[in-house]
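Student: Can you look at this prediction? I've put the sequence above it.
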Amino acid sequence: MEMEIEAEVQVRMEPPKIHRLDDSVVNRIAAGEVIQRPASAVKELVENSLDARSSSINIVVKDGGLKLIQVSDDGHGIRYEDLPILCERHTTSKLSTFEDLQSIKSMGFRGEALASMTYVAHVTVTTITKGQLHGYRVSYKDGVMEHEPKACAAVKGTQIMVENLFYNMTARRKTLQNSADDYSKIVDVLSRFAIHHMNVSFSCRKHGAARADVNSVATISRIDAIRSVYGVSVARCLMKVEAVDKDPSSSVFQMEGFISNSNYVAKKITMVLFINDRLVDCTALKRALEIVYAATLPKASKPFIYMAIILPPEHVDVNVHPTKREVSLLNQEIIIEKIQSVVESRLRSSNETQTFQEQAVEPTPSCQMVSSKDSNRNPSPSAGSKLQKVPVHKMVRTDSLDPAGRLHVYLQPESCGHLERNTSLTAIRSSVRQRRNPPKETADLTSLQELIDEVDRNCHSGLLDIVRHCTYIGMADDVFALLQHDTHLYLANVVNLSKELMYQQVLSRFAHFNAIQISEPAPVKELIMMALKEGNLDPECSGNVELNEKIAGMNTELLKQKADMIEEYFCIHIDKDGNLSRLPVILDQYTPDMDRVPEFVLCLGNDVDWEEEKKCLQVISAALGNFYAMHPPMLPNPSGDGLQFYQKRKPFRNPEESLSCTTVYWC
């Protein structure tokens, strides 16, 4: 017994014998390194599709990729002669010698992706190349074909199906049972590819689902690609950054990308990094940018970053990670330092601050709104409640529904009688909209083009930028609105701006208007009589009814003669009996104040120069703009001189008078 124990101890003390692993074990170990999870397989297959110069890549996933990963592309396909060695290890068309790695530009180069998949899953390839009458389908297992390629119907490109992933790796499969988590990682990978490769369309959906979770189309704008994948809320918070260094003694690189500003707030950082068109991670660069954001924008320290860095191929070592997730750069510290400096400078110089979101205030009856506010501001003493002091941070209006800080509480309420007076016009205000026939060819009028050119010449670039990119805060009173642009706050006269908006809309929609159908046609003569009586245009003749009837009759006959022209160009329909029955739609889902119809009709008959084409079109367009513009109701006069009414302007006879304000494009 003692001899046996001594012999066993001697065996244990001897060095273990080195032996060669079986090829199947070696290949399965290597497969576990390359294909770590379903998202790794998708990344490898998508990179192969991009190397095949595909313009469309579609992915279908089942159970997070464990049961099925199907990648279809419209690339150049795989030659029939290459199918037998397609899934063998280290078979590739990307390089021939080791020196080729110094200038490698493709994303794949080792020939291990497909081989690794065949060792841990069932792989089926369907492909067709240009000029072939039919495609071929073949299945692979452990790197070799299971049968000869079979002829089949196929569309341009290649389709690869990976089924039952990790079926022979029990421990790995058990750790990947959360299919939702794996699918989200696949979507994340596809989203990153989609915003960089703008010339390629990507789609990704679950098996059996009708809606794709990633659905991007080819575009020429990077910001549009980001908007389609990550949403509008992310795209509107981005700033462009660029950096270039051409000094061979330090570093040679070119970087362009987008970084988030102070308005972007998230729980974690999102960094999309491509180096020489290769999706990679760079922990050092990511950490450096996090430090910049934490020091510059503490409240937005978890940014969204997209960067594409281009370096000479010989300065990048791509063969440092089994999944090609990382690369090694020459002069990496210098490059990171320069990018960090550019980002910090961009963040500090950006004239941005926290902006307000656009608000949609629900209309409520003025009387009820005021009574509820009064009750809140003046609580009953019998209730035992005390007037609470409003904190300073709530004195700024940030929410349309928050009573604290709202400017409306300081305005005089509109009288209920005014609302009751307007109820008589309910029938006209609730007019039925109807579509016109398909529009005719655009009117080729030189005078119209001259009017549009005048708008272009008078455009003020600074005011244009303010109007385009401003954020609506609220109404200061019935005329002036508060607008924020960058860090500046502006008071804008909404009446004047709306007149110019409507005028330019009339020119842009000339001869292509939709129509507002008036439920009960209004006699033009009566409308003009109302305008002559209410407008008080000529005090000496205001009491002469006969003269007013004569003016109304002459203008009515004139408009009946011009009815065909104004209907064709402006969609203003006056029938043969002299009744106004249709008005144009200047802005969709907007109905003008029908109280101003008499003044508008009088302007058509009394102020239009029907002899000169340009002035005729200009005056009618301006009159429509004035009619459709926003007009304030009765205004209180703070000076204590009683009530001051909004004065109706006398219909202009000089077309230039209406265009005296600065021209703005509304987009």
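Tutor: Good, I have the coordinates. Numbers count the residues shown, from 1 in each chain.

Student: For the rest of this, base every contact and every neighbour count on C-alpha atoms.
Tutor: OK.

Student: any low-confidence regions in the stretch 451-600 of the chain?
Tutor: 535-543 (pLDDT under 70).

Student: need the strands for it, in chain order.
Tutor: 471-475, 480-485, 488-493, 514-523, 573-574, 579-585 (DSSP state E, counting those that start in this stretch).

Student: likewise the stretch 251-400 of the chain?
Tutor: 251-260, 270-275, 278-280, 304-310, 316-317, 328-329.

Student: can I get the ones you listed in TSV with mean pLDDT, mean neighbour count and distance to D63?
Tutor: Conversion of those to TSV gives the following (pLDDT from 0 to 100; neighbours: other CA atoms under 10 Å; distance: least, CA to CA, whole Å):
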stretch	mean pLDDT	mean neighbour count	distance to D63
strand 251-260	91	19	34
strand 270-275	93	20	25
strand 278-280	89	20	25
strand 304-310	94	20	29
strand 316-317	82	19	35
strand 328-329	82	15	35
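
Student: Reformat these as TSV; add distance to Y140.
Tutor: Output for those, formatted as TSV (distance: least, CA to CA, whole Å):
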stretch	distance to Y140
strand 251-260	41
strand 270-275	32
strand 278-280	28
strand 304-310	36
strand 316-317	31
strand 328-329	34
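
Student: who touches V214 in this structure?
Tutor: V187, L190, S191, F202, S203, C204, R205, V229 (CA atoms under 8 Å, 6 or more residues apart in numbering).

Student: same thing with S498?
Tutor: G625, A629, M630.

Student: Doesn't the first one belong to a helix?
Tutor: Yes: with DSSP: H, G, I helix; E, B strand; the rest coil as the criterion, G625 is located in a helix.

Student: Surely it touches L497?
Tutor: No: in this structure, G625 is not within contact of L497 by CA atoms under 8 Å, at 10.3 Å.

Student: And the two? Which one has more around it.
Tutor: Using other CA atoms under 10 Å as the criterion, G625 and L497 rank with G625 on top: 23 against 19.

Student: tell me the pLDDT at the more buried one?
Tutor: Per-residue pLDDT puts G625 at 86.

Student: now swap in A154 and tell me
Tutor: Taking A154 on its own, its pLDDT is 90.

Student: now it, nearest residue through space, not along the chain?
Tutor: Of all residues not flanking A154 in the chain, G135 sits nearest, at 5.2 Å (CA to CA, 6 or more residues apart in numbering).

Student: ranges for the helices of the stretch 201-350 of the chain?
Tutor: 222-230, 232-235, 283-296, 332-349 (DSSP state H, counting those that start in this stretch).

Student: Out of the ones you listed, which is the most enclosed?
Tutor: With neighbours taken as mean count of other CA atoms under 10 Å, those reach their highest mean count in helix 222-230, at a mean of 19.

Student: Measure how that one sits relative to strand 304-310, angle-wise.
Tutor: Interaxial angle of helix 222-230 relative to strand 304-310 (axes from the mean of the first three to the mean of the last three CA atoms, to 10 degrees): 130 degrees.

Student: Start at 35, not 1
Tutor: Yes, from this point I'll number from 35; that puts the last item at helix 256-264.

Student: what about helix 256-264, distance to the chain center?
Tutor: Averaging C-alpha positions (CA atoms, centre = their mean, to the nearest Å) puts helix 256-264 7 Å from its chain's average.

Student: Next, work out how far apart the spatially most central residue of the chain and T253 are.
Tutor: Residue closest to the average C-alpha location in the chain (CA atoms, centre = their mean): V266, at 3.9 Å. Separation of V266 from T253 (CA to CA, to the nearest Å): 16 Å.

Student: Kindly state which of the strands of the stretch 285-434 of the chain is positioned closest to R630.
Tutor: Within the strands of the stretch 285-434 of the chain, the stretch nearest R630 is strand 285-294; the backing value is 47.4 Å (CA to CA).

Student: Out of the strands of the stretch 285-434 of the chain, flag the one nearest E180.
Tutor: strand 312-314 (32.9 Å).

Student: May I have the strands that pair with the closest one, each with its orientation?
Tutor: strand 304-309 (antiparallel) (DSSP bridges).

Student: Would you mind finding the most buried of the strands of the stretch 485-634 of the chain?
Tutor: With neighbours taken as mean count of other CA under 10 Å, the strands of the stretch 485-634 of the chain reach their highest mean count in strand 607-608, at a mean of 24.

Student: which outside residues touch that one?
Tutor: With CA under 8 Å, 6+ apart as the criterion, strand 607-608 contacts L593, K594, A597, I600, E601, L614, S615, R616, L617.

Student: My read is that V94 contacts H241, right?
Tutor: Yes: using CA under 8 Å, V94 makes contact with H241 at a distance of 5.7 Å.

Student: Compare those two and say which is more crowded by neighbours.
Tutor: Per other CA under 10 Å, whichever of V94 and H241 has more neighbours is V94, with 20 against 17.

Student: quick one: secondary structure of the more buried one?
Tutor: strand.

Student: Next, the contact list for it, please.
Tutor: Contacts of V94 by CA under 8 Å, 6+ apart are L102, I103, Q104, V105, C238, R239, K240, H241.

Student: and these as TSV, adding pLDDT and distance to N548?
Tutor: Formatted as TSV, the contacts of V94 follow (pLDDT from 0 to 100; distance: CA to CA, whole Å):
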residue	pLDDT	distance to N548
L102	94	51
I103	94	50
Q104	95	48
V105	94	47
C238	94	40
R239	93	40
K240	93	43
H241	92	44
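
Student: Looking at those residues, which one is closest to R321?
Tutor: For those, the nearest to R321 is C238 (30.5 Å; CA to CA).

Student: number of nearby residues for the closest one?
Tutor: When neighbours are defined as other CA under 10 Å, C238 has 23 of them.

Student: which intervals of the stretch 85-234 of the chain have sub-threshold pLDDT?
Tutor: Ranges of the stretch 85-234 of the chain meeting pLDDT under 70: 127-145.
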